[in-house]
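Participant: The following comprises the amino acid sequence and a computationally predicted model.
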Amino acid sequence: VNWEQNKNSGAAPQLKGARWFSFDEMRKYTNNFAEANTIGSGGYGQVYQGALPTGELVAIKRAGKESMQGAVEFKTEIELLSRVHHKNLVSLVGFCYEKGEQMLVYEYVPNGTLMDSLTGKSGIWMDWIRRLKVTLGAARGLTYLHELADPPIIHRDIKSSNILLDNHLVAKVADFGLSKLLVDSDRGHVTTQVKGTMGYLDPEYYMTQQLTEKSDVYSFGVLMLELATSRKPIEQGKYIVREVMRVMDTSKDLYNLHSVLDQSILKGTRPKGLERYVELALRCVKEYAADRPSMAEVAKEIESIIELVGVNPNSESTSTTETYEEAGAGNGKHPYVNDGEFEYSGMFPTIRVDPQ
């Protein structure tokens, strides 16, 4: 796509499945980017709620001046999102690339991020069954990216702030900005500079720079533990994976996990299937990628756990770690060192490198 194509003639660059919006349209739909329309912000910039002339609500992600993606990265995100269609993936409506602005227009997902729900910010009560359903939805979305997208797509930044919840609390995987196409499927990996979020980041990928679908599986295992505990992956220097392993005792009730679990899921009825759930999460975070299950296997096991609880896995659901980027050779040191201390200060070099 030639992004500068005929910009004075009124002709707009088009991508199949994604609509081009002018900057003036974006300004109009967000009430001139009004503060009242702001629904989120981050290192990338602001997210605004907008309304199209049809009445359809959209979320407009506007990149800040300091965090503009390279044209390649921006185009990659648009091409990825316009090609994938699944109920557990956020749909792209269109984009704006004009007047020095980069904006992505997504379907509006009304109940915010999973992180907001786990921290209590959204006011949504996440009981055990809801958490299982959210886990399954996110797993199905990732399975689609890994197994049904052609070529396969590795998300590379799975975390609770990248899982959105709709009106029925159906999980939708969002933010494909760091995604990589696994073009050479025979090799099974992409060699790339390390990007992701510390705490969720696959240590094997961190050390070798070889990104595989199993890197997403590792991040997903951390996400599962976050769902069970409502704790950030790294909190006060403690790493969630090690904390769960430290207290876990399979000979005891609920595997002796009472002290690390979110107490709200222990109220009332016993959380059925929790032991199998934690076992699955710990298989996902195995040190070596080859020892981890595929996302399809993860989704199948979660379906089985939900059936054990006595719920149909196909029914509708009921109605801060630091970003890390590094260029150069693989990192010989393990990102989560062994004895209580972490190679994590919250301050990592953020070297901006355009994708290869």
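Facilitator: Ah, there it is.
Participant: contacting residues around the residue lying closest to residue 262 once chain neighbours are set aside?
Facilitator: Distances taken as Cβ to Cβ, 6 or more residues apart in numbering place residue 230 nearest to residue 262, at 3.9 Å, with adjacent residues excluded. Glycine gets a C-beta too; all of them are placed from N, C-alpha and C. By Cβ atoms under 8 Å, 6 or more residues apart in numbering, the contact list for residue 230 reads 118, 119, 262, 264.
Participant: How about residue 304?
Facilitator: Residue 304 sits in contact with residue 276, where contact means Cβ under 8 Å, 6+ apart.
Participant: What of the one 4 residues further on?
Facilitator: Contacts of residue 308 were listed using Cβ under 8 Å, 6+ apart, and they are 272, 273, 276.
Participant: for the last one, helix, strand, or coil?
Facilitator: Under the three-state scheme (DSSP: H, G, I helix; E, B strand; the rest coil), residue 276 adopts helix.
Participant: thought it was touching residue 303?
Facilitator: No: in this structure residue 276 lies outside contact range of residue 303 using Cβ atoms under 8 Å: 11.7 Å.
Participant: So between the two, which is more surrounded?
Facilitator: Shown here are residue 276 and residue 303; by other Cβ atoms under 10 Å, residue 303 has more neighbours (17 against 14).
Participant: Surely that one is in contact with residue 133?
Facilitator: No: between residue 303 and residue 133 there is no contact under Cβ under 8 Å: 10.5 Å.
Participant: any common contacting residues for the two?
Facilitator: Common neighbours of residue 303 and residue 133, using Cβ under 8 Å, 6+ apart, are residue 313.
Participant: if we can go back for a sec, tell me which of the contacts of residue 308 is nearest to residue 292?
Facilitator: The closest of those to residue 292 turns out to be residue 276 (Cβ to Cβ; 16.3 Å).
Participant: hey, where'd the helices end up in the chain?
Facilitator: 23-29, 71-83, 114-118, 128-143, 203-208, 213-229, 240-247, 274-284, 295-309 (DSSP state H).
Participant: So which bits of stretch 279-294 are buried?
Facilitator: 280, 281, 282, 283, 284, 285, 286, 289, 292, 293, 294 (16 or more other Cβ atoms under 10 Å).
Participant: Over to stretch 25-44?
Facilitator: 25, 26, 29, 30, 37, 39, 40, 44.
Participant: What is the burial count for the closest residue to residue 112 other than its chain neighbours?
Facilitator: Once flanking residues are discounted, residue 112 sits nearest to residue 122: 4.8 Å by Cβ to Cβ, 6+ apart. Residues lying near residue 122 (other Cβ under 10 Å) number 16.
Participant: So for residue 122, what's the pLDDT?
Facilitator: What the model reports as pLDDT for residue 122 is 87.
Participant: What of residue 103?
Facilitator: Residue 103 is given a pLDDT of 93.
Participant: can you pull up the bridge partners for it?
Facilitator: The partner list for residue 103 in beta bridges (DSSP bridges) reads residue 62, residue 96.
Participant: thought it was touching residue 61?
Facilitator: Yes: using Cβ under 8 Å, residue 103 is in contact with residue 61, at 6.4 Å.
Participant: Quick check: the two most widely separated of the contacts of residue 230?
Facilitator: The span of the contacts of residue 230, defined through Cβ to Cβ, is set by 119 and 264 at 12.2 Å.
Participant: mind showing which ranges of the chain have poor pLDDT?
Facilitator: For the chain, the stretches with pLDDT under 70 are 1-17, 42-43, 67, 176-188, 317-332, 337-356.
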